[in-house]
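>>> show me how the following folds:
(chains A and B)
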Amino acid sequence: MSVTSIKGFADMFPPESDAFTFMEAKAREVFGRCGFVELRTPIVEHTELFCRSIGEETDVVQKEMYTFPDRKGRMLTLRPEATAGVMRAYIQSARHTQEPVSKLFTTGPMFRYERPQKGRMRQFHQINCECLGSSSPYTDAELIVALMTFLQEIGLRDLSLKMNSLGCPSCRAAYKKALIAYLEGLDTELLCDDCKRRMHTNPLRVLDCKQEGCKSLTAAAPTILDYNCPDCRQHFDVVLRMLDAAKVPVTLDSCLVRGLDYYCRTTFEVVSGAIGAQSSVAGGGRYDGLIKQLGGADIPGVGFACGMERLALLLPQREALRPDFFVVAMGQGTQDAAFGLVNSLRRQGFAGDMSHAGGSFKSQMRQADKSRARFCLIIGEEELAQGKVSVKNMLAEGKEQHSVPMAGVAELF
RNA sequence: GCGGAUGUAGCUCAGUUGGCAGAGCACCUGGUUGUGGCCCAGGGUGUCGCGUGUUCAAUCCACGUCAUUCGCCCCA
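The predicted structure follows:
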């Protein structure tokens, strides 16, 4: 083959494409029930938007974005995540002047230049929900319950919800100080190279390091929850209480630190033990300062993103849809009648097919079987002459078959 | 950006101290002028990823390269 797809960019045929359609439909249904409306934003944005929202120092911005100049030299970027574009659209449309709280749902492809591996593509797909305009902890809880309901309704089990509270800018600063003091008190030579650097630039990320050495060193580190100020603590307590009331099991994880700079207070992540190294299937949190930081009003928000490729790896196998019929045409002049019958049935809302290539009777019967249709509709010269169709139930064991008028076939379904 | 593994038929994979290229599945045809699945019999022109080297001879050895994949990292 001369031209192939780009590394990390996948084609999807059934059953994978069916799985994606299914997930999107379920998401619209579940989140729609929870009051979310669908927002579609462009795939390409000004590069600056992502630098300002995700954070200039993050890995995503530093080395993972698809950034390029357009024909007039303006720097554009293929969105690496959805939240920034949603915020931009929200601010640009002055949505907050039309409604006090906006609940927005969006889905589509995202792009990051990373090394592909299981559950990680360069073009990947996310389902996103953002709730803007409410700082209530009930909003955090509602969003998380909606997410867990969605995951349950697409058939996922054995997921765990990890939660943490990063506090507000002021109490987080106090925690950072304490954490740095703790880290400096350790034998820092035992930390990995990344963590030696990170402990000053972004000390919270040291907690999230996967290296065994770092893990054991940080096991006794001060916990961010202990440093949450009374307001933050109370906020988080209400969230946890509401999740408990909603029977959503939660695991507190003081090491859960999100990779994007804009998060504060509630953060959460849904992980699976069953899909390899890329185990995080959904993640999100509160980002109260983000809209203001992007030039909008001082409006709070919470949201999450859900990785569809990773969900697809966990999705239980679903049986493919069974068509209602397959028409077999045999003999002179039968193909026109068969073509008409297929169209008529399809217009009545039934699903089915026929072979346009003809072929032997046996060949057409094999196609009928392969299509998994419930009924095989046979039109031969004899049937044609009588205006009838022989109907064979393909799911029955024996040779059950009977003849019905062509106009009355649909009644059998 | 860094490591490991793997590239042989449409798919999953065998294979040879270096000597004519294999299986299962799938697909097609037939066994039955018009009855699928099960069974049986047939049906393959594969640049053995690509390039270079070693050799009388390379799918096999060496080097390079590209691709895929699993990890690291990062994140959904």
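>>> pLDDT-wise, which helix or strand of chain A ranks last?
Taking mean pLDDT, DSSP states H and E as the measure, chain A has helix A:193-201 as its least confident helix or strand, at a mean of 72.
>>> so what touches whichever helix or strand comes after it?
Later in the chain than helix A:193-201, the nearest helix or strand by DSSP states H and E is helix A:204-207. By C-beta atoms under 8 Å, 6 or more residues apart in numbering, the list of residues contacting helix A:204-207 from outside reads A:166, A:176, A:179, A:183, A:191, A:195, A:198-199, A:214, A:218, A:221, A:224, A:254-255, A:257, A:259. Glycine gets a C-beta too; all of them are placed from N, C-alpha and C.
>>> mean confidence score for helix A:204-207?
Helix A:204-207 comes out with an average pLDDT of 80.
>>> can you check stretch A:178-187 too?
Mean per-residue pLDDT for stretch A:178-187: 82.
>>> could I get that stretch in CSV with only the CA atoms?
This file holds the C-alpha atoms of stretch A:178-187, laid out as CSV (Å, rounded to 0.1, in the frame of the first residue of the first chain):
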residue,chain,number,x,y,z
ALA,A,178,5.3,22.1,54.0
LEU,A,179,5.8,19.6,51.3
ILE,A,180,9.0,21.2,50.1
ALA,A,181,10.3,21.3,53.7
TYR,A,182,9.5,17.6,54.0
LEU,A,183,11.2,16.7,50.7
GLU,A,184,14.3,18.8,51.6
GLY,A,185,14.5,16.9,54.8
LEU,A,186,14.8,13.6,52.9
ASP,A,187,17.9,12.2,51.3
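>>> what lies in contact with it?
Residues from elsewhere that reach stretch A:178-187, judged by C-beta under 8 Å, 6+ apart: A:191, A:199-200, A:203-204, A:206-207, A:217-218, A:221-222, A:227.
>>> out of the residues you listed, which end up buried?
Neighbour counting over those (16 or more other C-beta atoms under 10 Å) leaves A:191, A:199, A:203-204, A:206-207, A:217-218, A:221, A:227 as the buried ones.
>>> in JSON lines, list the residues you listed along with distance to A:S93.
Below are the buried ones among the contacts of stretch A:178-187 laid out as JSON lines (distance: C-beta to C-beta, whole Å):
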{"residue": "A:L191", "distance to A:S93": "46"}
{"residue": "A:M199", "distance to A:S93": "42"}
{"residue": "A:P203", "distance to A:S93": "38"}
{"residue": "A:L204", "distance to A:S93": "34"}
{"residue": "A:V206", "distance to A:S93": "40"}
{"residue": "A:L207", "distance to A:S93": "38"}
{"residue": "A:L217", "distance to A:S93": "48"}
{"residue": "A:T218", "distance to A:S93": "43"}
{"residue": "A:A221", "distance to A:S93": "43"}
{"residue": "A:Y227", "distance to A:S93": "38"}
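>>> pLDDT weak spots in chain A?
Within chain A, the set of residues satisfying pLDDT under 70 comprises A:1-2, A:210, A:212, A:259-260, A:398-399.
>>> quick one, domains of it?
In the assignment given by automatic domain parsing, the structural domains of chain A cover A:16-168+A:229-314, A:325-412.
>>> quick one on the thing from earlier: pick out the most distant pair among the contacts of stretch A:178-187.
Across the contacts of stretch A:178-187, the longest distance by C-beta to C-beta is 21.5 Å; it joins A:L191 and A:Y227.
>>> contacts only, for the closest residue to A:M242 other than its chain neighbours.
Counting by C-beta to C-beta, 6 or more residues apart in numbering, the nearest residue to A:M242 once its immediate chain neighbours are dropped is A:A141, at 3.5 Å. Contact partners of A:A141, counting by C-beta under 8 Å, 6+ apart, are A:238-239, A:242-243, A:246.
>>> now do the phi/psi pair for the residue of the stretch 51-200 of chain A found nearest RNA strand B.
Scanning the stretch 51-200 of chain A for proximity to RNA strand B using C-beta to the nearest atom of the strand identifies A:K118 as nearest, at 2.9 Å. Summarising the backbone geometry of A:K118 under the convention degrees, to the nearest 10, its torsions are phi -60, psi 120.
>>> what distance do you get for it to A:E24?
Between A:K118 and A:E24 the distance, using C-beta to C-beta, to the nearest Å, works out to 22 Å.
>>> those two - which one has more neighbours?
When neighbours are counted by other C-beta atoms under 10 Å, A:K118 and A:E24 differ, and A:E24 comes out ahead with 15 against 12.
>>> show me what contacts that one?
A:E24 makes contact with A:107, A:127, according to C-beta under 8 Å, 6+ apart.
>>> give me the element it is part of.
Using DSSP H and E, the secondary-structure element containing A:E24 is helix A:16-33.
>>> list the buried ones in that helix?
Counting neighbours by 16+ other C-beta under 10 Å, one finds that the buried residues in helix A:16-33 are A:19-20, A:22-23, A:26-28, A:30-31.
>>> turn those into TSV, including distance to A:T67.
Listed next are the buried residues of helix A:16-33 as TSV, based on distance: C-beta to C-beta, whole Å:
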residue	distance to A:T67
A:A19	31
A:F20	27
A:F22	33
A:M23	29
A:K26	33
A:A27	29
A:R28	31
A:V30	34
A:F31	31
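>>> same for RNA strand B: which of the residues you listed are within range?
Applying C-beta under 7 Å from any atom of the strand, the subset of those adjacent to RNA strand B is empty.
>>> so which pair among the residues you listed is furthest apart in space?
Taking C-beta to C-beta, the two most distant members of the buried residues of helix A:16-33 are A:A19 and A:F31; they sit 18.1 Å apart.
>>> which element is the residue nearest to A:M242 on?
Following DSSP H and E, one finds A:A141 within helix A:137-153.
>>> partner strands of the helix or strand that that helix is followed by and their direction?
Elements were assigned by DSSP H and E; along the chain past helix A:137-153, the next helix or strand is strand A:159-165. Partner strands and pairing direction for strand A:159-165 (DSSP bridges) are strand A:251-252 (parallel), strand A:264-272 (antiparallel).
>>> pull out the buried positions in the very next helix or strand once past strand A:159-165.
Sequence-wise, the next helix or strand downstream of strand A:159-165 (DSSP H and E) is helix A:169-184. For helix A:169-184, the neighbour count (16+ other C-beta under 10 Å) marks A:171-172, A:175-176, A:178-179, A:182-183 as buried.
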